[in-house]
Every structure is written in C-alpha cells, then in structure tokens.
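*Asks:* Following is a predicted model, sequence given first.
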Amino acid sequence: MVAHFRHRLLLFICLGLVITMSACSKLVLSNDFTLQSGQVIDGDLWVPTGDVRIQPGSRVTGSIYQLCCNLDVNGRVNGNIFILTGNLRLGSESNVRGGAVVFSGNLERLPGASLGNI
C-alpha cells in the first residue's frame with residue numbers, strides 16, 4: 001500500500017514539474033551556473049542539479065526551483081526560492097521579494113539580506 005502511494009506521489013510530482021517547466025524561461029542542465037552582474041532571467045529558473053550563484057546586480061524575474069545542491073544569492077529574485085535538498089545562502093546584497101523554502105538543508109541569511117517571507 002505504501003509503495004503504491006509513493007508511486008502515485010512520484011508520478012504526480014513529475015507531472016507537475018513537466019507542466020510547470022513547460023512555461024519556464026530557463027532550465028539549467030549543467031553542473032554549475034552563475035548569473036553574472038547585469039544579466040536577467042525573465043521568468044523562472046529551474047536547476048535539477050548543480051551549484052548556482054546569483055551575483056550582485058543580476059535578477060531573476062520569477063522564482064528559483066532547485067532539486068539539489070547549493071544556491072548562493074546576492075542579486076534580486078522577484079519570486080520565491082524552493083530547494084529540495086541543498087543549502088541556501090542569502091548574501092548581504094540579496095533581495096528576495098518572495099519566500100524561501102529549503103526542504104532538506106540549511107538557510108544562511110547574512111546581515112543586509114532582504115527576504116519577503118519564510
């Protein structure tokens with residue numbers, strides 16, 4: 001019974017990801033990704049695996065979804081941040097207008113970091 005439930009839950013999650021990702025603007029499939037100062041991602045950022053750095057002066061107009069690894073934010077995120085397993089570091093220049101959820105990992109918020117909701 002439990003295995004059947006887990007199977008259905010996994011299918012539901014995968015279906016939700018496919019539907020949501022079909023409208024996303026940036027899917028990163030490399031090991032590591034850095035959004036440089038002055039760069040903008042218009043929409044959501046999806047990262048299945050690898051470390052991500054959002055540098056000062058860069059911007060994500062949507063949310064960030066990361067399945068694994070570490071996220072270091074020093075730029076602006078207009079939406080929310082969701083990390084399944086990994087660590088979130090909000091640097092002193094970060095400005096996250098939404099909330100942040102780390103399911104399995106740590107959230108480090110440096111002085112000066114701006115976060116809408118946790």
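*Replies:* Ah, there it is. Values in this document were obtained by computation on a predicted structure and should not be read as measured data. Residues are numbered from 1 along each chain as shown.
*Asks:* contacting residues for Gly112?
*Replies:* Gly112 makes contact with 92-93, according to CB atoms under 8 Å, 6 or more residues apart in numbering. Any C-beta I mention is one placed from the backbone N, CA and C, and that applies to glycine too.
*Asks:* And the pLDDT at it?
*Replies:* You'll see Gly112 listed with a pLDDT of 95.
*Asks:* how near is it to Tyr65?
*Replies:* 25 Å (CB to CB, to the nearest Å).
*Asks:* Gly57 in helix, strand or coil?
*Replies:* The three-state label given to Gly57 by DSSP: H, G, I helix; E, B strand; the rest coil is coil.
*Asks:* Gln55 versus Val73, what's the distance?
*Replies:* Applying CB to CB, the value for Val73 to Gln55 is 9 Å.
*Asks:* Neighbour count for those two, which is higher?
*Replies:* More neighbours surround Val73 than the other of Val73 and Gln55, with 27 against 17 (other CB atoms under 10 Å).
*Asks:* Verify the stated contact: the more buried one with Asn87.
*Replies:* No - look at Val73 against Asn87 with CB atoms under 8 Å: they stay out of range, at 11.3 Å.
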